[in-house]
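pasting a predicted model and its sequence here:
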Amino acid sequence: MDDWNSLANVAATHYPFVPLRWLLRDRYDSVANLHHYLEPVAVLLAGEDEVIPVRHGQQLLYAGLNGVKKLWVMPGANHTP
């Protein structure tokens with residue numbers, strides 16, 4: 001699966017053998033949550049993110065935002081310390 005717009009989809013991609021979509025109570029679906037939001041939004045992406053690749057943050061989240069938006073990609077940053 002290449003759908004990284006919600007926690008459930010990210011978890012299912014990394015752990016396909018566990019029924020996480022059924023187990024997770026909160027989906028953290030950022031695309032759906034921000035769909036009608038028209039205030040300014042800043043999106044920060046980790047340039048070396050191994051959990052959610054930059055292209056997904058750009059194509060699924062940032063590109064789908066309406067209204068004023070700003071994108072920052074942090075070179076060298078990732079999900080792990």
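Here it is on my side, so go on.

quick one: which helix or strand includes the nearest residue to residue 46 once chain neighbours are set aside?
Closest residue to residue 46 apart from its sequence neighbours, by Cβ to Cβ, 6 or more residues apart in numbering: residue 77 at 3.8 Å. The way it works is simple: take the backbone N, C-alpha and C, and place the C-beta from them, glycine included. Here residue 77 is covered by no helix or strand, with elements defined by DSSP states H and E.

what's the burial count for residue 77?
13 (other Cβ atoms under 10 Å).

would you agree it is in contact with residue 50?
No. Applying Cβ atoms under 8 Å, one finds residue 77 not in contact with residue 50, separated by 11.0 Å.

quick one, strands of the chain?
41-46, 69-74 (DSSP state E).

these into JSON lines, with extra columns for mean pLDDT and mean neighbour count?
Below are the strands of the chain laid out as JSON lines (pLDDT from 0 to 100; neighbours: other Cβ atoms under 10 Å):
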{"stretch": "strand 41-46", "mean pLDDT": "94", "mean neighbour count": "15"}
{"stretch": "strand 69-74", "mean pLDDT": "96", "mean neighbour count": "13"}
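
could you measure from residue 39 over to residue 73?
Residue 39 sits 22 Å away from residue 73, taking Cβ to Cβ, to the nearest Å as the criterion.

right, I mislabeled it, should have said residue 64
17 Å.

what's the helix ranked longest in the chain packed up against?
Secondary structure assigned by DSSP state H gives helix 7-14 as the longest helix of the chain. When contacts are defined as 3 or more Cβ pairs under 8 Å, 6 or more residues apart in numbering; DSSP states H and E, helix 7-14 sits against helix 20-23.
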